[in-house]
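In: Prediction below, plus the sequence it came from.
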Amino acid sequence: MPTPEPSPRHRHYGAFYGLDPLPEDDRPFVTVMGNCQAESLRLLLESSGAIRSVRVPPVFEIEADELPLLQRLLDRTDVLLTQPVRDGYRDLPLGSAELAARVAPGARTVHFPTIRYAGLHPWQVVLRVPGEVDPPPVPYHDLRTLALAAGHEVHQGALSRKGIREVRDSSVAILAEREERSDAVPVSDLLVPAGADAAHVINHPGNPVLVGLARRVAERLGLDAEIPEPTGTLLDEVHAPLLPEVLEALGLAVDPVAHWVYRGAVLPDEQVREVQLDWLRERPHVVEFGLDRHRETARLLGIRP
């Protein structure tokens, strides 16, 4: 029988699946594990020419039958770069401590943080509600939309500048505490100085933050290498609006943006809100879950009694 044609996923992760050869030379072999931020970090480090690496599926996509493929990489890993992941994640041995225990003898493990920054998008949240998928047409929730779906009034002009700044500061402080707890390469101090380029959405940091992180990782690893500026925008799949009240509260002198860009499509913010309102009104449990999970942020922003 003819050999089945590899799927697009298998081609995308060709070396991981054994379709492409692993790089062979004297540079350290670095395995980078985590979410989509991990691949951006890997690309930046690889662009320096100082390491060997291959593209690995994000930790939230790896399945049980792919663990031997991952172990094949860990067996030859000189440096494991990983975001902090709890043991038994998705009922698989993908926790950062579990991975560190399975790398080649003498390999180093270095943590880097899972970056979330709410400064530019203080109402935006990611909800993982059991049994539910992401909302249409973008995979992010908005506390104002959740409040509207719950029947609360939201007065756009009454939103607190002080609350916007407090959400920003809290976001940075939470990340700094997590960095310290896991002895991760720090990045929290780079967020505010990056201004409007700090993030596209709350969990997709912008180029200045990612490049700064990559340079600090290279320094911690003792790499004699320069991390060049990328030629394009990393983590470019989704961009959220930049609202004038946020820019004013944070003292950022850039033009506001009133629309989303998701996978190349321009989506007016009001259109996203209306679609999500209809979706949420059929799922009151999601509304309750989101407002309860983020009640302190909603209080700071003055969008819920």
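Out: Received the coordinates, thanks. Numbering: from 1, shown residues only.
In: Please count neighbours and contacts with C-alpha atoms only from this point.
Out: Fine.
In: Give the buried residues for stretch 213-222.
Out: 213-218 (16 or more other CA atoms under 10 Å).
In: need the contact list for the most centrally placed residue in the chain.
Out: Residue closest to the average C-alpha location in the chain (CA atoms, centre = their mean): Asn203, at 3.7 Å. Shown in contact with Asn203 (CA atoms under 8 Å, 6 or more residues apart in numbering): 115-117.
In: From Glu270, how far off is it?
Out: Using CA to CA, to the nearest Å, Asn203 is found at 22 Å from Glu270.
In: Kindly report the same for Glu39.
Out: With the distance defined as CA to CA, Glu39 ends up 32 Å from Glu270.
In: out of those two, which sits in the more crowded spot?
Out: Glu39 (20 against 12; other CA atoms under 10 Å).
In: Please, where are all the helices along the protein?
Out: 8-12, 36-47, 67-74, 96-100, 143-149, 161-182, 207-221, 244-250, 269-281, 284-293, 295-301 (DSSP state H).
In: Dump these into JSON lines; add distance to Val192 as well.
Out: Putting those into JSON lines (distance: least, CA to CA, whole Å) gives the following:
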{"stretch": "helix 8-12", "distance to Val192": "34"}
{"stretch": "helix 36-47", "distance to Val192": "18"}
{"stretch": "helix 67-74", "distance to Val192": "36"}
{"stretch": "helix 96-100", "distance to Val192": "28"}
{"stretch": "helix 143-149", "distance to Val192": "22"}
{"stretch": "helix 161-182", "distance to Val192": "8"}
{"stretch": "helix 207-221", "distance to Val192": "10"}
{"stretch": "helix 244-250", "distance to Val192": "9"}
{"stretch": "helix 269-281", "distance to Val192": "24"}
{"stretch": "helix 284-293", "distance to Val192": "25"}
{"stretch": "helix 295-301", "distance to Val192": "19"}
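In: Go through the ones you listed and name the closest to Asp189.
Out: Minimum separation from Asp189 across the helices of the chain (CA to CA) falls at helix 161-182, 7.5 Å.
In: which helices and strands does the closest one pack with?
Out: Packing contacts for helix 161-182, counted by 3 or more CA pairs under 8 Å, 6 or more residues apart in numbering; DSSP states H and E, involve helix 244-250, helix 295-301.
In: As TSV, those helices with distance to Pro186 would be great.
Out: Output for the helices and strands packed on helix 161-182, formatted as TSV (distance: least, CA to CA, whole Å):
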stretch	distance to Pro186
helix 244-250	22
helix 295-301	24
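In: Which of those helices has the lowest mean pLDDT?
Out: If you rank the helices and strands packed on helix 161-182 by mean pLDDT, helix 295-301 sits at the bottom with a mean of 91.
In: Flag every buried residue along that helix.
Out: For helix 295-301, the neighbour count (16+ other CA under 10 Å) marks 295, 297-298, 300-301 as buried.
In: can you count the residues close to Met33?
Out: Counted with other CA under 10 Å, the neighbours of Met33 add up to 28.
In: from now on call the first residue 494
Out: All right, first residue 494 from here; so that's Met526.
In: was I right about it contacting Thr575?
Out: Yes. Using CA atoms under 8 Å, Met526 is in contact with Thr575, at 4.6 Å.
In: re the thing from before, for the helices of the chain, which one sits closest to Tyr755?
Out: helix 762-774 (11.0 Å).
In: other SSEs contacting that closest one?
Out: helix 636-642.
In: try 10 Å this time
Out: Taking 3 or more CA pairs under 10 Å, 6 or more residues apart in numbering; DSSP states H and E as contact, the helices and strands that helix 762-774 lies on are strand 634-635, helix 636-642, strand 752-755, helix 777-786.
In: That'll do, ta.
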